[in-house]
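> Using only what follows, build the 3D model:
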Amino acid sequence: MTAGSRGDVAPYTGLGYGLARAGHEVTLVTHARFEPLVAGSGVRFHPLPVDPRAELESARGRGLHRSATGAGKLVRVVALARALVGRMTDDLVAAARSSDMLLLSGSVGPLGHTIAEGLSLPYLDLPLQPLAPTREFGPPMLGARSLGAAGNRLAGHGVSLAVELVFAGAVPALRERLGLPRTHAVAAWRARERQRRPVLHGFSPHVVPRPRDWRSNLSVTGYWWPYDGDAQLPPLLRDFLAAGPPPVYVGLGSATVPRPERLGSHIVRALRRAGLRGVIQRGWAGLEASGDDMLTIDEVPHSALFPRMAAVVHHAGAGTTAAGLRAGVPAVPVPIQFDEAFWSTRLVTLGVAPRSLPLRHLTPDALATTLVRATRDPAFAHRATKLSTLIRDEDGVSPVLAAVDGTVKGKEARG
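Alright, predicted model coming up:
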């Protein structure tokens, strides 16, 4: 069960595929627009009614761009999410009733926990980001800034509580419907904290080392790569790639931007100043570019495209960050909101990106200068290639499979 943007969904298609190949019957429960992502994978699909793109393009969704800080955006997204979660509850419950176990992303955690409790189902939390509080860094959802050891941990608990409050309007009615006693969101959060349940995180320890102050059953498995099937590039794109030197990919994934035409113009000017060809992914931002040296594309598998790029310019969402690292090419992160500044900082720290270039600071000159460094300094490509080898050798699915099998066997033993 997961909700949010494409990046909140795609990794679970690969995880589901791995579990299905091991003999489990797997259903992905998420927004209807993402059903094509599981085509041919052997993973079933149960749609949720909310369309995340429509919500981001609504007046309320566009309001996210009016906040310049991570905390400000978090307040706005909490308000947006609180208005939407109740619409998903019926389908989450329906899917759970035909399941033996729930695997939950961080974006549906409190609802999933309540449903699991009400239906007496085992569950596993499988977040894509390091959500548990730690002294080693601040909460990813608030950006890249460290608040000091004590401040980082305190802020981490604050973000965890904020997530609970997102669902506070929907959970009481759900608890009553499932025959559970009433409880306050804070009390429910504290009760789960005391349970100290295992959590498996779907990112690489080579990218974010497991914090030393985490309890022992908070584990980092490695990435869950999206299911791409027999990934192929469309003929027009293949022809463009063959017609010249490796281009630069530019895409903002599921992010929306206030002035896409102006941003597209900045990107094209920057690429041409740097002497680079460009593959521009339209995405939810609606980016466009024209000219013999530019090609605008729609969705294509990153696993097939990124290895053929000179560099990748992206919004540094967790999924796109992982795809760029897997491809072994330099990055230019352009964070917009939420955890993107966190992943951008990781890319710079790992030495695969020259700098982080937040969208609000992006100019043609700044992007061109950064692209020249990323594509002409061989150190970035060398480090990207080395890191790619490390994360490709990881098997992020096996720890989840072992946890699922262990839970199933434990349930069978209890009767």
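
> in a strand, that's where Thr30 is, yeah?
Yes. Counting by DSSP: H, G, I helix; E, B strand; the rest coil, Thr30 is part of a strand.

> how much space is there between it and Ala243?
Thr30 sits 38 Å away from Ala243, going by C-beta to C-beta, to the nearest Å. (Glycine included, C-beta is placed from N, CA and C.)

> When the two are compared, which one has more neighbours?
Summary of the neighbour comparison: Thr30 and Ala243, criterion other C-beta atoms under 10 Å, with Thr30 having more neighbours (30 against 12).

> For that one, name its beta-bridge partners.
With beta bridges defined as DSSP bridges, Thr30 has these partners: Pro47.

> quick one: contacts for it?
Neighbouring residues of Thr30 by C-beta atoms under 8 Å, 6 or more residues apart in numbering: Met1, Thr2, Ala3, Asp8, Val9, Tyr12, Pro47, Leu48.

> Among the residues you listed, which ones are in helices?
The helices in this structure, assigned by DSSP state H, contain Tyr12 from the contacts of Thr30.

> just curious, which of the contacts of Thr30 is nearest to Leu147?
When the contacts of Thr30 are ranked by distance to Leu147 (C-beta to C-beta), Asp8 comes first, at 25.6 Å.

> shaky segments in this structure?
When the per-residue scores of the chain are filtered using pLDDT under 70, the ranges that remain are 55-84, 410-415.

> Could you check how far the closest residue to Arg21 other than its chain neighbours is from Gly14?
By the measure of C-beta to C-beta, 6 or more residues apart in numbering, the closest residue to Arg21 outside its immediate chain neighbours is Gly42, 7.3 Å from it. Taking C-beta to C-beta as the measure, Gly42 and Gly14 are separated by 12 Å.

> number of nearby residues for Ala3?
The burial count assigned to Ala3 is 22, neighbours taken as other C-beta under 10 Å.

> separation between the nearest residue to it once chain neighbours are set aside and Ala32?
Across the structure, with C-beta to C-beta, 6+ apart as the measure, the residue nearest Ala3 apart from its sequence neighbours is Ser107 (4.7 Å). Computed as C-beta to C-beta, the Ser107 to Ala32 distance reads 16 Å.

> When these two are compared, which one has more neighbours?
Per other C-beta under 10 Å, whichever of Ser107 and Ala32 has more neighbours is Ser107, with 21 against 13.

> is it true that the more buried one touches Gly7?
No. With contact defined as C-beta atoms under 8 Å, Ser107 and Gly7 do not form a contacting pair (10.6 Å).

> which residues in the stretch 251-400 of the chain form helices?
For the stretch 251-400 of the chain, the helices defined by DSSP state H, counting those that start in this stretch cover 260-273, 302-305, 318-327, 340-349, 364-376, 378-392, 397-414.

> Which of those helices sits closest to Asp293?
Comparison of the helices of the stretch 251-400 of the chain against Asp293 by C-beta to C-beta identifies helix 260-273 as nearest, at 7.0 Å.

> how many neighbours does Arg175 have?
Count around Arg175 with other C-beta under 10 Å applied: 18.

> which ones are touching it?
Thr114, Gly118, Pro181, Arg182, Thr183.

> make it 10 Å
Taking C-beta atoms under 10 Å, 6 or more residues apart in numbering as the definition of contact, the neighbours of Arg175 are Thr114, Ile115, Glu117, Gly118, Pro181, Arg182, Thr183, Ala188.

> what's the neighbour count on Arg97?
Arg97 is surrounded by 10 other residues when neighbours are defined as other C-beta under 10 Å.

> I should have written Thr389 there, sorry.
Applying the criterion other C-beta under 10 Å, we find 10 residues in the vicinity of Thr389.

> same question, the one 3 residues further on
For Arg392, the number of neighbouring residues by other C-beta under 10 Å comes to 15.

> List the contacts of the residue lying closest to Met294 once chain neighbours are set aside.
Spatially, and ignoring its direct neighbours in sequence, Met294 is nearest to Gly278 (4.9 Å; C-beta to C-beta, 6+ apart). Contacts were defined as C-beta under 10 Å, 6+ apart; by that measure Gly278 touches 240, 247-250, 267-268, 270-272, 289, 291, 293-296, 309-310, 313, 371.

> Got a quick PyMOL command for the buried subset of those residues?
Isolation of the buried members of those (16 or more other C-beta atoms under 10 Å) is achieved in PyMOL through the command below:
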select buried, resi 240+247+248+249+250+267+268+270+271+272+289+293+294+295+309+310+313+371
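
> Among the contacts of Gly278, name the ones in strands.
With strands identified by DSSP state E, the entries of the contacts of Gly278 that belong to them are Val248, Tyr249, Val250, Met294, Leu295, Thr296, Val313.

> Quick one: distance of stretch 381-401 to the chain centre.
Relative to its parent chain, stretch 381-401 has a centroid offset of 17 Å by C-alpha atoms, centre = their mean, to the nearest Å.
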